[in-house]
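**Student:** only the shape, not the letters, is given here:
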């Protein structure tokens with residue numbers, strides 16, 4: 001009887017670990033902070049506004065155009081983390097990139113920033129994976145966080161959001177966010 005309970009508990013734990021939050025790049029490392037603020041905007045949607053369908057799994061599933069301003073002159077690189085904190089099984093990562101050129105701060109739709117290394121998103125694919133909340137959920141929030149760093153991040157392309165945040169800790173000069181919403 002005890003052995004069956006142990007096996008059942010192990011199976012339940014394995015099932016929980018394979019949920020969207022764990023596979024989705026949920027993070028536990030705190031976000032790096034900085035006294036200076038970056039301005040992150042998009043001509044496609046306003047802060048707090050609805051992300052157009054084109055940039056979601058229901059459309060072309062390409063990254064939205066972004067503009068970043070206010071990076072300190074000593075910025076060496078930019079990093080981007082796009083996450084859905086409303087995902088059913090914990091925070092889900094939609095885009096993770098680092099080592100973007102800090103001088104190229106207008107990024108066209110569907111194109112990663114120049115020089116950037118793109119990591120694996122919660123869909124287990126490299127690059128951007130657009131909003132795709134469960135049908136019938138209230139609209140989810142998608143937080144586009146941009147970090148200006150004073151050094152190039154020496155990370156493998158398999159780096160997790162936590163790896164990127166740890167690499168940014170103590171090296172973040174400025175941060176900024178843009179939040180969009182999307183529901184199905």
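**Tutor:** Happy to help now that I have it. Please read these numbers as outputs of a predicted model, since none were measured by experiment. Numbers count the residues shown, from 1 in each chain.
**Student:** hey, let's count contacts and neighbours off CA atoms from now on
**Tutor:** Will do.
**Student:** what bridges to the most centrally placed residue in the chain?
**Tutor:** Residue closest to the average C-alpha location in the chain (CA atoms, centre = their mean): residue 82, at 2.3 Å. Here residue 82 shows beta-bridge partners residue 95, residue 144, assigned using DSSP bridges.
**Student:** ok, residue 90 to residue 179 distance?
**Tutor:** 17 Å (CA to CA, to the nearest Å).
**Student:** neighbour-wise, which of these two wins?
**Tutor:** residue 179 (21 against 18; other CA atoms under 10 Å).
**Student:** what's the closest non-adjacent residue to the more buried one?
**Tutor:** residue 143 (4.5 Å; CA to CA, 6 or more residues apart in numbering).
**Student:** the one you found touches residue 178, doesn't it?
**Tutor:** Yes: here residue 143 reaches residue 178: they are 5.9 Å apart, a contact under CA atoms under 8 Å.
**Student:** secondary structure class for residue 163?
**Tutor:** On the three-state scheme (DSSP: H, G, I helix; E, B strand; the rest coil), residue 163 is labelled helix.
**Student:** which residues in this protein form helices?
**Tutor:** 2-17, 20-23, 161-168 (DSSP state H).
**Student:** so where is the chain shaky, pLDDT-wise?
**Tutor:** Scanning the chain with the threshold set as pLDDT under 70 gives 1-28, 30, 33.
**Student:** the protein: strands as residue ranges?
**Tutor:** 36-37, 39-41, 66-69, 77-84, 92-100, 106-107, 117-118, 140-149, 172-182 (DSSP state E).
**Student:** for residue 132, see how far away residue 79 is.
**Tutor:** 23 Å.
**Student:** what about residue 102, how many neighbours?
**Tutor:** The number of residues packed near residue 102 is 23, by other CA under 10 Å.
**Student:** I'd say it and residue 78 touch.
**Tutor:** Yes: using CA under 8 Å, residue 102 is in contact with residue 78, at 5.7 Å.
**Student:** intersection of neighbour lists for those two?
**Tutor:** Common contacts of residue 102 and residue 78, defined by CA atoms under 8 Å, 6 or more residues apart in numbering, comprise residue 148.
**Student:** separation between residue 177 and residue 82?
**Tutor:** In terms of CA to CA, residue 177 sits 9 Å off from residue 82.
**Student:** between those two, which contacts overlap?
**Tutor:** In contact with both residue 177 and residue 82: 143-145, using CA under 8 Å, 6+ apart.
**Student:** now these in a markdown table, with neighbour count and distance to residue 115?
**Tutor:** Compiled in a markdown table, the shared contacts of residue 177 and residue 82 are given as follows (neighbours: other CA atoms under 10 Å; distance: CA to CA, whole Å):
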| residue | neighbour count | distance to residue 115 |
| --- | --- | --- |
| 143 | 21 | 22 |
| 144 | 22 | 19 |
| 145 | 19 | 18 |
